[in-house]
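Novice: Predicted structure and sequence below. I'll ask about it afterward.
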Amino acid sequence: MAGVLERAVGTWGAVLIYIGLIVSVGGGFLAWTMLAAESLFTPAGDGVMPRASPLGR
């Protein structure tokens with residue numbers, strides 16, 4: 001896609017696609033990280049998950 005836009009409008013077209021790709025991958029990574037944390041945080045807040053206790057007590 002970057003190559004097609006580069007041929008159509010010049011170098012700035014490829015740069016635009018690459019910046020969009022970086023933003024998209026970064027957003028996907030952030031969403032995946034939030035999903036992994038939220039899937040344990042929400043049940044713990046509702047009291048569904050067991051409380052953490054140190055070993056040996």
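Specialist: Nice, thanks for sending it over.
Novice: low-confidence ranges in this structure?
Specialist: Across the chain, the stretches falling below the confidence threshold (pLDDT under 70) are 55-57.
Novice: So which residues of the protein form helices?
Specialist: With DSSP state H as the criterion, the chain has helices at 2-9, 11-45.
Novice: May I see these organised as TSV, with mean neighbour count and distance to residue 51 added?
Specialist: (Each C-beta comes from the backbone N, C-alpha and C, glycine too.) What follows is the helices of the chain, written out as TSV (neighbours: other Cβ atoms under 10 Å; distance: least, Cβ to Cβ, whole Å):
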stretch	mean neighbour count	distance to residue 51
helix 2-9	12	51
helix 11-45	11	9
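Novice: can you redo those helices as CSV with distance to residue 54?
Specialist: Written out in CSV, the entries for the helices of the chain read as follows (distance: least, Cβ to Cβ, whole Å):
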stretch, distance to residue 54
helix 2-9, 53
helix 11-45, 17
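Novice: Please identify which of those is closest to residue 53.
Specialist: Nearest to residue 53, of all the helices of the chain, is helix 11-45, at 13.7 Å by Cβ to Cβ.
Novice: Out of the helices of the chain, the one nearest residue 52 is which?
Specialist: helix 11-45 (9.1 Å).
Novice: which helices and strands sit right next to the closest one?
Specialist: With contacts defined as 3 or more Cβ pairs under 8 Å, 6 or more residues apart in numbering; DSSP states H and E, the packing partners of helix 11-45 are helix 2-9.
Novice: Let me see the residues that make contact with the helix it packs on.
Specialist: Contact partners of helix 2-9, identified using Cβ atoms under 8 Å, 6 or more residues apart in numbering, comprise 13, 14, 16, 17, 18, 21.
Novice: Could you rerun that using 7 Å?
Specialist: Identification of contacts with helix 2-9 by Cβ atoms under 7 Å, 6 or more residues apart in numbering yields 13, 14, 17, 18.
Novice: All set now, cheers.
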